[in-house]
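**Student:** Build the 3D model from these lines:
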Amino acid sequence: MPLRSFTAPSPTVRAVAALSLTQLIGWGSTFWLPAVTGPAMAAELGMGLPLVMAGPTAMLVVMALASWPLGAVFERHGARPVMVLGSLLGALGLALVGLAQGPVSYLLAWAVLGLAGAGMLSTPAQIAVTEIAGDKARRALGVLILAGGLTSTLFWPLSGLLQAQWGWRAATLAFGALVLLVCLPLHWAVLARRPRGTNATQVPAEPVPIDRPRFALLAVGFAANGFVTWGFALTIIILFEASGLSHASALAAAAFIGIAQWAGRLFDFLGGRRWSGFATGLAAAALFPLSFIVLMLTSSFTGALLFALVYGMAGGVIAVSRATLPLLVFPAAAYARASARLAMPLNLSFAAAPPVFAAILISAGPHAALWLAFGISLVALGALFGLWRLQGDRRSA
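**Tutor:** Just a heads-up that it's a prediction; the model follows:
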């Protein structure tokens, strides 16, 4: 009886599968690590917990500063060499965190992780997918971001287990070995050898221009929404309790946000062929202020769940839009450079949001933080709406 022929997975499938794994490992072993190991780090290093938590903030700031100059490197050489180098730096940075002896060495280690993140986390992975997937990039990016929504769900329990068995230092070093032995080989073996549409001897003499008004509106819209999603998360449980919910009910409603975010990513992935990226992005941007209105008008557990559903779905869809809208706004040849430049305001907003919202929460109270989030979400909606109008005018012209 003849054996059925076996069809190997396409390069796009292999790349998306590999990058989904490396992004889970990369984010889970770096940015999300102190959420579990932070108290033990603070006790052993003689540091306050806020200073320990400043490590991931330093990582995001360095990622932001390094992202812009990397744009030309991605465009000329592709994502593969940058992600391989980023993997090496990631393993080195985690080793330095695991061997840190005080605040200076600890924060320097996170600065190295920031350089690593600029080379291997989120934006480089999205550029790598577009290099391979071509006109199927939106759906491939949807799969990549859908998998990324499971990072904390998988790595928080794993980090807790490793810390309980070996201690936080050995757990951190084990994650560094994972980056070196899993992420680096996958980036080397699976990613495209050079950007799509180029060869070893032909590189464009002049880069494709990036329209500045469209870039500015996209940066403002996504940075504003990112500021809300990263900063407002600190006040959610407190706001629920301030509205009259018990601590247990507030925790339950807050936990539902993560489920709703993943559902939002899945919704965008399943509906990506029916709706344009602008339609889903604008809808998500409009849901953010609507969710805050719900929270302002209600004090019940049901209302809190409704807020969590609307807010979480919006956050999930926006996470996909950050990767896919540049495909619609900029020429394909400029996607890598535009995405790398967009990473700068995005990471700066991610880094600034937690301390800003924490300061407002302490000085002015939880409802002031809620009103700030509402106002910034309107700014984001206005920027994305203006971008949509500009795109419509260009098509008409």
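**Student:** contacts and neighbour counts: CA atoms only from here.
**Tutor:** Fine.
**Student:** Give the residue spans of the stretch 151-300 of the chain that score low on pLDDT.
**Tutor:** 194-206, 233-235, 271-273 (pLDDT under 70).
**Student:** all helices of it, in order?
**Tutor:** 151-166, 168-178, 184-190, 212-231, 236-242, 247-271, 277-297 (DSSP state H, counting those that start in this stretch).
**Student:** got the ones you listed as JSON lines, with mean neighbour count and distance to F385 columns?
**Tutor:** As requested, the helices of the stretch 151-300 of the chain are exported to JSON lines (neighbours: other C-alpha atoms under 10 Å; distance: least, C-alpha to C-alpha, whole Å):
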{"stretch": "helix 151-166", "mean neighbour count": "16", "distance to F385": "31"}
{"stretch": "helix 168-178", "mean neighbour count": "22", "distance to F385": "42"}
{"stretch": "helix 184-190", "mean neighbour count": "19", "distance to F385": "37"}
{"stretch": "helix 212-231", "mean neighbour count": "22", "distance to F385": "9"}
{"stretch": "helix 236-242", "mean neighbour count": "20", "distance to F385": "27"}
{"stretch": "helix 247-271", "mean neighbour count": "20", "distance to F385": "19"}
{"stretch": "helix 277-297", "mean neighbour count": "20", "distance to F385": "7"}
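**Student:** Distance to G38 for the ones you listed - can I get that in TSV?
**Tutor:** Output for those, formatted as TSV (distance: least, C-alpha to C-alpha, whole Å):
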stretch	distance to G38
helix 151-166	11
helix 168-178	9
helix 184-190	26
helix 212-231	18
helix 236-242	20
helix 247-271	21
helix 277-297	31
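**Student:** Out of these, the one nearest P331 is which?
**Tutor:** With C-alpha to C-alpha as the measure, helix 212-231 is the member of those nearest P331 (12.0 Å).
**Student:** for that closest one, packing partners?
**Tutor:** helix 301-329, helix 335-364, helix 366-396 (3 or more C-alpha pairs under 8 Å, 6 or more residues apart in numbering; DSSP states H and E).
**Student:** Could you rerun that using 6 Å?
**Tutor:** The contact analysis (3 or more C-alpha pairs under 6 Å, 6 or more residues apart in numbering; DSSP states H and E) places helix 212-231 against helix 335-364, helix 366-396.
**Student:** Out of the helices of the stretch 151-300 of the chain, the one nearest F31 is which?
**Tutor:** helix 151-166 (9.9 Å).
**Student:** Run the angle between the closest one and helix 168-178 for me.
**Tutor:** 120 degrees (axes from the mean of the first three to the mean of the last three C-alpha atoms, to 10 degrees).
**Student:** Give me the helices and strands touching helix 151-166, please.
**Tutor:** helix 11-29.
**Student:** How about residues contacting the helix it packs on?
**Tutor:** If you take C-alpha atoms under 6 Å, 6 or more residues apart in numbering as the criterion, helix 11-29 is touched by I132, A133, L144, A147, G148, T151, F155, F175, C183, V190.
**Student:** run the last query once more with 7 Å
**Tutor:** 121, 125, 129, 132-133, 140, 144, 147-148, 151-152, 155, 175, 179, 183, 186, 190-191 (C-alpha atoms under 7 Å, 6 or more residues apart in numbering).
**Student:** likewise stretch 230-242?
**Tutor:** H247, A250, L251, A254, A304, F350, A353, P354, F357, P366, A373.
**Student:** Kindly recompute the last result at 8 Å.
**Tutor:** With contacts defined as C-alpha atoms under 8 Å, 6 or more residues apart in numbering, stretch 230-242 is touched by 247, 250-251, 254, 299, 304, 350, 352-358, 361, 366-367, 369-370, 373.
**Student:** Any figure for the gap between L70 and I25?
**Tutor:** 22 Å (C-alpha to C-alpha, to the nearest Å).
**Student:** More neighbours: which of these two?
**Tutor:** Per other C-alpha atoms under 10 Å, whichever of L70 and I25 has more neighbours is I25, with 22 against 19.
**Student:** count of neighbours near S377?
**Tutor:** 27.
**Student:** could you list every residue that touches it?
**Tutor:** A224, N225, V228, A285, F288, P289.
**Student:** Which of these sits closest to P56?
**Tutor:** V228 (17.6 Å).
**Student:** In contact with the closest one, which residues?
**Tutor:** V228 neighbours (C-alpha under 8 Å, 6+ apart): A353, A373, I376, S377.
**Student:** and what of V62?
**Tutor:** By C-alpha under 8 Å, 6+ apart, the neighbours of V62 are A111, G114, L115, A118.
**Student:** Save these as CSV, and put in distance to L381, pLDDT and neighbour count too.
**Tutor:** Shown next, in CSV, are those (distance: C-alpha to C-alpha, whole Å; pLDDT from 0 to 100; neighbours: other C-alpha atoms under 10 Å):
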residue, distance to L381, pLDDT, neighbour count
A111, 33, 97, 22
G114, 29, 97, 32
L115, 31, 97, 24
A118, 27, 96, 28
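**Student:** What is the nearest of those residues to A216?
**Tutor:** Checking those one by one against A216 (C-alpha to C-alpha), the nearest turns out to be A118, at 20.8 Å.
**Student:** can I assume the closest one is in contact with P124?
**Tutor:** Yes - counting by C-alpha atoms under 8 Å, A118 touches P124, with 7.4 Å between them.
**Student:** Now do F385 against A373, distance only.
**Tutor:** F385 is 18 Å from A373, by C-alpha to C-alpha.
**Student:** Many thanks, have a good one.
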